[in-house]
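Q: All I have is the shape, not the residue letters:
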């Protein structure tokens, strides 16, 4: 069990680094472990200012996780229009939004029971 936690922590750290490398905004980590019947342990939610930046965030996360942890997403959805891209790393699911789409779906409120950690940006 301890090895899984270390790997999950390393994955989260790597994902956040990938987001920050291309100046992704408003990064939140939602800890879903204490909520019953969830599909994963964590959501990482962030936003970009355009479809170009959303795609850059997705690409940066993939490259950083691949380089540091030799891991790749199990599945990716939404790259075609790049308004909401979901990257599934099994225990961690990354949601990369454009601001207006994030506000519309407001998944942080939908998962309001989750413990939320806001990552302070160095920008």
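A: Alright, I've got the coordinates. Predicted model, so just to flag it, every value in this text is computed and none were measured.

Q: CA atoms for contacts and neighbours, from now on please.
A: Noted.

Q: Would you agree residue 79 is in contact with residue 85?
A: Yes: applying Cα atoms under 8 Å, one finds residue 79 in contact with residue 85, separated by 5.7 Å.

Q: Those two: which is more packed in?
A: Neighbour count, other Cα atoms under 10 Å: between residue 79 and residue 85, residue 85 has more, with 23 against 15.

Q: The more buried one sits in which helix or strand?
A: strand 84-88 (DSSP states H and E).

Q: Let me see the residues that make contact with the following helix or strand past that strand.
A: Heading C-terminal from strand 84-88, the first helix or strand you meet, by DSSP H and E, is strand 92-98. Applying Cα atoms under 8 Å, 6 or more residues apart in numbering, the external contacts of strand 92-98 come out as 8, 11-12, 40-51, 54, 57-58, 82-88.

Q: rerun that using 7 Å as the cut-off
A: By Cα atoms under 7 Å, 6 or more residues apart in numbering, the surrounding residues in contact with strand 92-98 are 40-50, 54, 83-88.
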